[in-house]
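Q: Fold the stuff below for me.
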Amino acid sequence: MSFDNPSHSGRAGLDELVPSRYAVQVGDIDVLVISDGVLPIAAETIAYNADSADLAAWLKDMFLPPDVLEWPLNVVVVRSGDQTVLIDAGLGLEFPEFQQAGRLALRLEAAGIDAASVTDVVLTHMHMDHIGGLLGDGLGHGLRPDLRVHVAAAEAEFWESPDFSHTSMPAGVPDALRSAATRFLEEYRGRLRPFETEYEVAPGVVACRTGGHTPGHSVVRLASGGDRLTFAGDAVFQVAFDRPDWFNGFEHDPEEAARVRVRLLQELAASREALVATHLPFPSVCHVATAGNAFRCVPAVWDF
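A: Residues are numbered from 1 along each chain as shown. As a prediction, this is how the structure comes out:
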C-alpha cells in the first residue's frame, strides 16, 4: 500500500497504540480510512423521533451507554491516477472543547501524507465536523494554493443563509455550524468547484448529491477494476441499519434523509459493494445485507 512511509514509524507522538488508519484497495484506487477521533453526542440526538424505551433498548442491545455516546469521525484519503483526494476534513482544532477529535493533521503526518500532496478535497456537506480541518491551524496552512474543493452547489448556497427549523440539535450547535460554514466560505470561495448532481473528481471517484441530511449532502462512489466502495458521509449512521426510519437531530430534512438512507442501503445490499461512513465505528469498512424490513451491517474481514 503506497500511503505508508516507513521512515515515519517510531517517531514520538505520531504512531499510536490504537490503530487510526486502515488501508483498502478498490481496483487501482488506493483508499485510506483515517480516524479523526470521536465526538460526544447525547444519545437522544441519534433518534429524536424514537420512543424513549425503544431507543434505550436498542442502545442496551448494542452495548452502548444510555446517555452520551462517543461518535466516531472517519475521513478518507483516495489516490487515483496522479490525484490525491481528501474526502471530508474532520473537526480540526477550532473546537478545543472536543478534546478527542480533530486528529486528522497528526494522523496524516503519521501515515506519511503531506497535506501539500492533496490535489482535491470533496466535502460530503459543510457541517463543522466535515470542514473544520480546513480552518485555522488544522490542515489549512499546509494545503497547496491550487487546491480544488468540490461541493454540491446546493450545499454552498444553503449555507449562505441556513435554515435549521427542521433539525433537533443541542443548544448552541446551530450557531457553531453557521459560524464554521461562514468562515469556510470566506476562506475557500475562490477554490470551490461546485457541481450540480454528480462530478468525477478523479478517475473512478465520483461525487453524487443525495440531499436529505443537508440540501447538498453528497456521497462519493469509487469504482475500479470491478471493485466498488461508497463513502456515505452522514447518509448512514450505526442505528440506521436497524431503524432507518429514526431521525438524526442534525438532519435538515429528516423525512428525505430517511428516504435517501433506505434507497442507499437497498442499493448497497443489492450490489454487495463496500461501505464506509463518517460516523460508523472505525474503520467503518463493511457490507450491507437485508434483514426483513431493515438491514445488517456486516464488517469487512480484515485485509492485511
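Q: what about Thr197, neighbour count?
A: As a burial measure, Thr197 scores 11 neighbours (other CB atoms under 10 Å). Placement of C-beta: from N, CA and C, glycine included.
Q: and it, what does it touch?
A: Taking CB atoms under 8 Å, 6 or more residues apart in numbering, we find Thr197 in contact with 208-209.
Q: Then Asp245?
A: Asp245 neighbours (CB under 8 Å, 6+ apart): Ala258.
Q: low-scoring stretches of this protein, by residue?
A: 1-16, 304 (pLDDT under 70).
Q: all strands of the stretch 101-250 of the chain, in order?
A: Secondary structure of the stretch 101-250 of the chain (DSSP state E, counting those that start in this stretch): strands at 120-122, 148-152, 192-195, 198-202, 205-209, 218-224, 227-231.
Q: Tell me how far the longest one lies from the chain's centre.
A: Read it as strand 218-224. 13 Å (CA atoms, centre = their mean, to the nearest Å).
Q: Which strands border it, and is each parallel or antiparallel?
A: Strand 218-224 has the following sheet partners, assigned by DSSP bridges: strand 205-209 (antiparallel), strand 227-231 (antiparallel).
Q: Which positions in the first one come out as buried?
A: By 16 or more other CB atoms under 10 Å, the buried positions in strand 205-209 come out as 205-207, 209.
Q: between that strand and strand 148-152, how many degrees?
A: Per axes from the mean of the first three to the mean of the last three CA atoms, to 10 degrees, the angle that strand 205-209 makes with strand 148-152 is 40 degrees.
Q: returning to that earlier point: which one of the strands paired with strand 218-224 lies closest to Val38?
A: Counting by CB to CB, Val38 lies closest to strand 227-231 out of the strands paired with strand 218-224; the figure is 18.5 Å.
Q: Moving along the chain from the closest one, name the first helix or strand you hit.
A: helix 254-271 (DSSP states H and E).
Q: which outside residues touch that following helix?
A: 49, 166, 210-213, 217, 219, 228, 230, 232, 235-236, 240-241, 244-245, 247-248, 251, 275, 287-290, 295.
Q: which of those residues count as buried?
A: Neighbour-count burial (16+ other CB under 10 Å) applied to the contacts of helix 254-271 gives 210-213, 217, 219, 228, 230, 232, 235-236, 240-241, 244-245, 247-248, 251, 275, 287-288, 295.
Q: and of the strands paired with strand 218-224, who's closest to Asn74?
A: strand 227-231 (8.6 Å).
Q: pull the CA atoms of the closest one into PDB?
A: C-alpha atoms of strand 227-231 as PDB (Å, rounded to 0.1, in the frame of the first residue of the first chain):
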ATOM      1  CA  ASP A 227     -14.400  -3.200  -7.300                       C
ATOM      2  CA  ARG A 228     -16.700  -0.600  -5.700                       C
ATOM      3  CA  LEU A 229     -16.900   1.300  -2.500                       C
ATOM      4  CA  THR A 230     -19.200   4.100  -1.300                       C
ATOM      5  CA  PHE A 231     -18.300   6.700   1.200                       C
END
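Q: Tell me who's in contact with Val123.
A: Wrong residue type there; residue 123 is Leu, not Val. 88-89, 130-131, 149-151, 155, 218.
Q: any idea how far it is from Gly249?
A: 21 Å (CB to CB, to the nearest Å).
Q: Whichever strand or helix holds Leu39 to strand 198-202, inter-axis angle?
A: When elements are assigned from DSSP H and E, Leu39 belongs to strand 29-42. With the same axes, to 10 degrees defining the directions, strand 29-42 sits at 120 degrees from strand 198-202.
Q: Buried residues, strand 29-42. List them.
A: In strand 29-42, counting by 16+ other CB under 10 Å, buried: 29-39, 41.
Q: tell me which strands and helices it is in contact with?
A: strand 21-26, strand 68-80, helix 104-110, strand 218-224 (3 or more CB pairs under 8 Å, 6 or more residues apart in numbering; DSSP states H and E).
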